[in-house]
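Enquirer: structure, please.
(one chain, ligands or ions: 2)
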Amino acid sequence: MAAKKKEIIIERANKTVYREGDVLVKAFVKEHEKSGVFNEAHITSLVESFGVPAAAVRFVKEIDGKWAIGLDFIEGESLAEKMKNEPENFDALLEQFVDIQVAVSRFKAVGLRNTVDKRAEEINALPDLDPSTRYELLQRLHGMKRHTKLCHGDFNPSNIIIREDGSWAVVDWSHATAGNAGADAALTYLELTLQDPELAEKYLKLYSRKSDIAIQYIQNWMPIVAAGQLAKAKTEEEKALLARWISIADYE
Ligand SMILES: Nc1ncnc2c1ncn2[C@@H]1O[C@H](COP(=O)(O)OP(=O)(O)O)[C@@H](O)[C@H]1O
Ligand SMILES: [Mg+2]
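Expert: Numbering: from 1, shown residues only. Ligands and ions are numbered 1, 2, ... in the order given. Next comes the predicted model:
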């Protein structure tokens, strides 16, 4: 039998994502922690067990010396591609984006780490944070109620795939936690702000309305999630924006 063709979807610093027949393979670079690969597969399989429309895990294995996860390939177009290709439908696609995020947060995330614990760990690990800001952030964080809603942790339009029949699936679950929907929305808002501040504001209003969560409550999470994102920030512009968000915790 002839080997199946590999179609590269995306190449990133830490991995290559490709399609091979009906499987989507995420092959990580050799330096990537093996436990991180198993952790992503574990989280994804838990999400699958909740009944969330997601790509099922097919395998974790070493391919040419690199640890790789195999998932069902979802045939379709990401919401990010659709937003770019169908500007006339932009508002409807943004609504769909928010509807899917609200639908995801209705699942109870049994067995996933709590958002509060993950964020506390991130804040404690930040090397250059002044102690008073760290204290304010942790006080704020521990004042939040602990919820058990499914939070994706990187809910952005590139991680939602729409099939031709209109059904959807969410991918890329490595950052998922059990927690507060408002924290997940704060993360999405920050990500969108970096791309397009106007779109971020529009998203926030729409999300608040559809989820029935006050904008102020989502904003309360922003300094906390901004601190978590700081360690991953790639550009100086990104760092400056996140630092601005973090400093809000100082004078409120
Ligand atoms: N199971 C899948 N089926 C089809 N396409 C996928 C699947 N998983 C990921 N993709 C596509 O590959 C892209 C990158 O994969 P993703 O898991 O989001 O990794 P990254 O961490 O690089 O964002 C996604 O934005 C999506 O377009
Ligand atoms: Mg992704």
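
Enquirer: tell me which residues in stretch 202-211 are buried?
Expert: Lys202, Tyr203, Leu204, Leu206, Tyr207, Ser208, Ser211 (16 or more other C-beta atoms under 10 Å). Glycine gets a C-beta too; all of them are placed from N, C-alpha and C.

Enquirer: strands of the stretch 151-252 of the chain, start to end?
Expert: Counting by DSSP state E, counting those that start in this stretch, one finds strands in the stretch 151-252 of the chain at the ranges 160-162, 168-170, 177-179.

Enquirer: among the buried residues of stretch 202-211, name the ones in helices.
Expert: Using DSSP state H, Lys202, Tyr203, Leu204, Leu206, Tyr207, Ser208, Ser211 are the members of these that sit in helices.

Enquirer: between these, which is nearest ligand 2?
Expert: Nearest to ligand 2 among these is Tyr203, at 17.3 Å by C-beta to the ion.

Enquirer: tell me the pLDDT at the closest one?
Expert: Looking at Tyr203, its pLDDT reads 98.

Enquirer: ok, now which ones touch it?
Expert: Leu94, Phe97, Val98, Thr188, Tyr189, Leu192 (C-beta atoms under 8 Å, 6 or more residues apart in numbering).

Enquirer: what of Ala185?
Expert: Applying C-beta under 8 Å, 6+ apart, the residues near Ala185 are Gln101, Leu204, Tyr207, Ser211, Ile213, Ile218, Trp221.

Enquirer: just Ser211 next, same as before
Expert: When contacts are counted by C-beta under 8 Å, 6+ apart, Ser211 touches Val98, Gln101, Val102, Ser105, Ala181, Ala185.

Enquirer: go again with 6 Å.
Expert: The neighbours of Ser211, taking C-beta atoms under 6 Å, 6 or more residues apart in numbering as the test, are Val102.
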